[in-house]
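Enquirer: Below: sequence and its predicted model.
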Amino acid sequence: MIASELKKKGTGGRPTTLLFVSTSDPVRLVAGRYSSGIRLLAGLLSTRLDHALANGCSPDTSRMLAARASELVSVEMRHRISTCLGRVVAQAERGPVMRNSRSALNRTAILACREEIAEVRDRLQDAQPVSVSGVAIANVLVTDGTGPIHNRRFAACELRELLRQVSIELDPLVAPRCWRAASSDKG
């Protein structure tokens, strides 16, 4: 099924499925399905779960992390995050608006990082598989009001570095940062 068909159909309220690599056989995939109750709890705790996944916590450590990971890598969520990034750039280009109830933007950093933001947006909208840690970092980036998109104390170079990290982390063949750090400590 192509990506545009997936966008039209959505999940229709059905449980979503996230595939894991089997710990006993690295070539085998194992499916995880989650009840609506687990998905609801994961949604309520999404900020905490997103931060854990963004920091490289494996989704198979708990059912709620796995359910949240399943939601994050869905076509709908990836499209939503990409759209938010596009709106951030458009709003930064328009300039400040008096009495705007929306949160402030770090316009200077956003405008300086348009290329990197466009790259992340393209990768999120791509039909290719993505790593949950990369999507989680991107989601935290757009939803965290204290992060480099909203906080003017962050320099453009800091936002650029984070966006580059998102691009790297979106690749499902690249292990999350904490897994890389743990394996380099063992070596």
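Expert: Noted; the coordinates are in hand.

Enquirer: Please make it C-alpha for all contacts and neighbour counts, starting now.
Expert: OK.

Enquirer: So, low pLDDT: which residues of this structure?
Expert: The chain contains residues with pLDDT under 70 at 1-36, 39, 43, 98-103, 175-187.

Enquirer: all strands for it, in order.
Expert: 17-21, 29-33 (DSSP state E).

Enquirer: what's the burial count for residue 129?
Expert: 15 (other Cα atoms under 10 Å).

Enquirer: Surely it touches residue 135?
Expert: No: taking Cα atoms under 8 Å as the definition, residue 129 is not a contact partner of residue 135, at 10.8 Å.

Enquirer: Quick check: the residue nearest to residue 93 when sequence neighbours are not counted vs residue 89, distance?
Expert: Using Cα to Cα, 6 or more residues apart in numbering and skipping residues adjacent in sequence, the residue nearest residue 93 is residue 111, 7.1 Å away. Distance, residue 111 to residue 89, by Cα to Cα, to the nearest Å: 7 Å.

Enquirer: between these two, which one's more packed in?
Expert: For the pair residue 111 and residue 89, the greater number of neighbours falls to residue 89 (19 against 16), based on other Cα under 10 Å.

Enquirer: What number of residues are in the vicinity of the closest residue to the more buried one other than its chain neighbours?
Expert: Excluding its sequence neighbours, the residue lying closest to residue 89 (Cα to Cα, 6+ apart) is residue 110, at 6.4 Å. Burial measure for residue 110: 26 neighbouring residues, criterion other Cα under 10 Å.

Enquirer: and residue 110, what does it touch?
Expert: By Cα atoms under 8 Å, 6 or more residues apart in numbering, the residues touching residue 110 are 88-89, 92, 149, 156, 159.
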